[in-house]
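Trainee: here are the coordinates; sequence isn't available:
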């Protein structure tokens, strides 16, 4: 195959007031015609910057290409002036980009049709009418029903998945040679993500376009990519065919990444193997390998030999790696840190375990819809619909489902941050459903919550020590000043942070460290239950494993119960004892982790599990395309009968009329479906 | 849309009633008797009683208010005491005088301000941006009366380019009228040009950093198209709010300039009316100003719908 695009020795800098950050450090790679190439790395690894630099989409200043060449169709596109005619022909005309955030990447005040026609008119020199015609065809191609009508729609009238389809159609509209999908599916639900990736794959294979998938999720690319580049701290540390990367990974970082991901098949008794520490400072690279401080295989020579250069692995002409050591299989097996066993002392059936801590009975939460001048209530959307479950002491109960399924609303209702429409919430035997705030106060100290965004959940102007101290003071636990200080130190120590950093402000910490601080705050008043609402989904894979391990350790030591809410099924499987799957405000299946993952009974659970990507190219390739289609309907027009009937492959007439009730399908395992 | 407008008009009427009632009560609680002020110290008790009865000031305040309301609806806007004429003959000329200063000033400041703001935002951190932002800060910090005195000194007294002060209706003598308007319009504009430039700059900057601008660049559009079509359209949304407030101020915001340049506008009329406790005149002027403000708010809200489709749906 011919090399379509070749990047040589690209260096990209961000010049800041006092320092220069090197976001891409001497990067070389190539793309061949018609192949699917993945760039994998955690946030800050420079994967997006690398892709954008050729198109000069990196804001400049502060971004600045410090060296290198990008050859595309016989010309060095870095030599084109900013905003030049030639550059603009490449942008959109030759190389199309699909961005991460479908919510913000489309102009909110322009119709879809107009936004699509814009580039078609420009690059294909079509008239407005022809352009609209083409836009309509493209929308049909990316699976948008009612394409003609949709052209007149504004972005906010479409769902996230639909908008991302529009973005794909737009990027494809001028027959580009290369399509760059920058975290294009990250913001989407698993089932939608699978649909979109499948769609992109089919289209590029059909048209012979080269597809670049930029992602932080290594397992995602196993099914789709031909070749993979792994990036760390602005450098390509390993590259090779998908099989080479997944089966013969030889850079410590790649190996670490593969191990840090909780998978659907790994033994649950082992701790995850996180990559310790954080990404080094990009402004101060030093002379050595950037991964050295985090590397479990580091040796003496790594400290003296400077930055490693990419070199071929064995006699493969695709597999390269930047590491001083030759990590053959034997070396890896000999030196690999032994996986630590998780102490799960409390077996099921323990006396304490069977004590119910939280009981949710028939819980419904509705949100009113207002309209008119006097904000008259004209209706209700039900976000949570007759949900019942129990949380035992010392247990982890997982609540999974796609966005909008009401899992966070359940959590908020339990914390009494949302009013309950009907049903009952019993915490430790007391009915707290409609308790007055004043009477609720003593109960509150026994529940705490950890939120998704570690950046938004700490007051930016409050010292982190004070944030952790707040619950202690708030609940008047009778600590003296000295005891308070002592307790804060203890809490910092518990979550693995140095007590001396308590006087710092949140912005001085990394995402993972902030989440530790939030956990310390949640632990402060010794609660018997902690609700983790997507507590780890905003973190990088290597950090995520650190935090999961921390949560498990803490539970082991302190014995509280977790209500663990997440959309990532592998993580939930790893951490939870029992799990409930939610769809459109209802629990459709619930059971112990073994039963639920081993023998899923509800079609939705099956579809969800089916959509989870696995880091196993062989298995992924032989797996048939995902069965589930469509999107979660809006709770405003919930289907009659079973909520899942609009997307269910098994749905029959009966499902569309009547809602199936929860049925016992095994010991400790229930599901709500007519076809069990 | 029709239903929405009807609703908004109904709301506006309620607001108008509340505003005028409040003004009525406040005016009547101010010490001072308009009849006494008008007749002067030599007036006899009989004269004062007679005129008090003629104007209906002997009746309870609420009855007076209702009477005034009835008058507004039927077109009887009442008589001014201190000018001794019908208010309906007094107002139109005054309004025209004020608007002939404020409308040109608004047009100039919107066009120039928005233009400068766009340039500053597009060339942000360059020398043009520094210049525009610097001038905008100076422009906003300069008091209008000081600027007026400075202009009069330089343009009228030293260079003898323009008349010092005064007002001639444009229909009477167009050239003289325009010459007399130049300075007041300039004085009134400089501050608001600066204001519009700053608002536009920050609105544009906010938009320029958004993801969809990057999308537009990735499509290969010209930078000019991106700025004028994609960015400006979004930046207009906050600007319309500012514009609405300016339109509402077209009648009320010029008291100072009218005083300095001796323009017989509605602002100076209101001042005179308040000083003479001329109840009905104050009431009528406030009514007109409120009508203007409410009307401009309504127009802005309708404009929003056209600019921002996300609002239109509701």
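Mentor: It's in. Model, not experiment: these values are computed from the prediction.
Trainee: After the helix or strand of chain A with the lowest mean pLDDT, heading C-terminal, what element do we hit next?
Mentor: Comparing every helix and strand of chain A by mean pLDDT, DSSP states H and E singles out helix A:329-335 as the least confident one, with a mean of 75. Downstream of helix A:329-335, the first helix or strand assigned by DSSP states H and E is strand A:356-371.
Trainee: Next one: the most far-flung residue of chain A relative to its centre from residue A:397, what distance?
Mentor: What lies farthest from the middle of chain A is residue A:480; by Cα atoms, centre = their mean that is 42.0 Å. Going from residue A:480 to residue A:397 by Cβ to Cβ, to the nearest Å gives 37 Å. Where you see a C-beta, it was placed from the backbone N, CA and C, and this is true even at glycine.
Trainee: So the most centrally placed residue in chain A: helix, strand or coil?
Mentor: By Cα atoms, centre = their mean, chain A has its centre lying nearest to residue A:537, at 5.3 Å. Counting by DSSP: H, G, I helix; E, B strand; the rest coil, the backbone at residue A:537 sits in coil.
Trainee: Run the contact check for the lowest-mean-pLDDT helix or strand in chain B versus chain A.
Mentor: Across the helices and strands of chain B, mean confidence by mean pLDDT, DSSP H and E is lowest for helix B:309-312: a mean of 74. Yes - judged by Cβ under 8 Å from any Cβ of the partner chain, helix B:309-312 comes into contact with chain A at B:309-310.
Trainee: Pull out the buried positions in that helix.
Mentor: Within helix B:309-312, the residues that count as buried by 16 or more other Cβ atoms under 10 Å in any protein chain shown are residue B:309.
Trainee: Can you list the neighbours in contact with it?
Mentor: Residues outside helix B:309-312 that contact it (Cβ atoms under 8 Å, 6 or more residues apart in numbering or on different chains): A:108-109, A:154, A:156, B:304-306.
Trainee: Neighbours of the residue nearest to residue B:152 when sequence neighbours are not counted, how many?
Mentor: Leaving aside its sequence neighbours, residue B:152 sits nearest to residue B:164 (Cβ to Cβ, 6 or more residues apart in numbering or on different chains; 5.8 Å). Applying other Cβ atoms under 10 Å in any protein chain shown, we find 14 residues neighbouring residue B:164.
Trainee: ok, now residue B:202?
Mentor: The local packing of residue B:202 (other Cβ under 10 Å) involves 15 other residues.
Trainee: Against residue A:116, how distant is it?
Mentor: For residue B:202, the distance to residue A:116 - Cβ to Cβ - is 30 Å.
Trainee: Over to residue A:319?
Mentor: According to Cβ to Cβ, residue A:319 stands 40 Å off from residue A:116.
Trainee: who has more neighbours, the two?
Mentor: residue A:116 (26 against 20).
Trainee: so who does that one touch?
Mentor: A:131, A:135, A:138-139, A:151, A:166, A:169-170, A:173.
Trainee: related to what we said a few turns ago, wait, isn't the residue nearest to residue B:152 in contact with residue B:158?
Mentor: No - Residue B:164 is beyond contact range of residue B:158, at 11.5 Å (criterion: Cβ atoms under 8 Å).
Trainee: that older thread, who touches the residue nearest to residue B:152 in this structure?
Mentor: Residues in contact with residue B:164 (Cβ under 8 Å, 6+ apart) are B:152, B:156-157.
Trainee: next one: phi and psi at it?
Mentor: phi -60, psi -50 (degrees, to the nearest 10).
Trainee: Count residues in the vicinity of the closest residue to residue B:208 other than its chain neighbours, would you?
Mentor: Excluding the flanking residues, the one nearest residue B:208 by Cβ to Cβ, 6+ apart is residue B:231, at 5.6 Å. Residue B:231: 25 surrounding residues under other Cβ under 10 Å.
Trainee: Look at residue B:231 and report its pLDDT.
Mentor: Residue B:231 is assigned a pLDDT of 93 by the prediction.
Trainee: still on that earlier bit, counting by contacts, list what the least confident helix or strand of chain A packs against.
Mentor: Using 3 or more Cβ pairs under 8 Å, 6 or more residues apart in numbering or on different chains; DSSP states H and E as the contact test, no helix or strand touches helix A:329-335.
Trainee: right, and residue A:393 touches residue A:359 too?
Mentor: No - using Cβ under 8 Å as the test, residue A:393 is too far from residue A:359 to be in contact (12.0 Å).
Trainee: higher neighbour count, those two?
Mentor: A direct count of neighbours by other Cβ under 10 Å for residue A:393 and residue A:359 places residue A:393 higher, at 20 against 17.
Trainee: From residue A:445, how far off is the more buried one?
Mentor: The value you get for residue A:393 to residue A:445, if Cβ to Cβ is used, is 16 Å.
Trainee: Could you do residue A:506 as well?
Mentor: To residue A:445, residue A:506 is 23 Å away according to Cβ to Cβ.
Trainee: The two: which is more packed in?
Mentor: Set residue A:506 next to residue A:445 and count neighbours by other Cβ under 10 Å: residue A:506 wins out with 21 against 18.
Trainee: Was I right to think that one contacts residue A:464?
Mentor: Yes - contact criterion Cβ under 8 Å: residue A:506 and residue A:464 qualify, at 6.1 Å.
Trainee: so what sits against both of those two?
Mentor: With Cβ under 8 Å, 6+ apart as the test, residue A:506 and residue A:464 both reach A:458, A:517.
Trainee: Could you find the closest non-adjacent residue to residue 223?
Mentor: If you meant another chain, say so; for now it's chain A. residue A:620 (3.7 Å).
Trainee: that answer is for a different chain, and I need it for chain B
Mentor: Using Cβ to Cβ, 6+ apart, the closest residue to residue B:223 is residue A:83 (5.0 Å).
Trainee: how many neighbours does the one you found have?
Mentor: Other residues within reach of residue A:83 by the criterion other Cβ under 10 Å amount to 13.
Trainee: Residue B:225 is in contact with that one, correct?
Mentor: No - Residue A:83 lies out of contact with residue B:225 (Cβ under 8 Å); the separation is 11.3 Å.
Trainee: so what does the helix or strand containing residue B:194 touch, helix or strand wise?
Mentor: Element membership for residue B:194 (DSSP H and E) is helix B:174-208. Where contact means 3+ Cβ pairs under 8 Å, 6+ apart, helix B:174-208 is packed against helix B:87-122, helix B:127-141, helix B:144-151, helix B:232-248, helix B:255-260.
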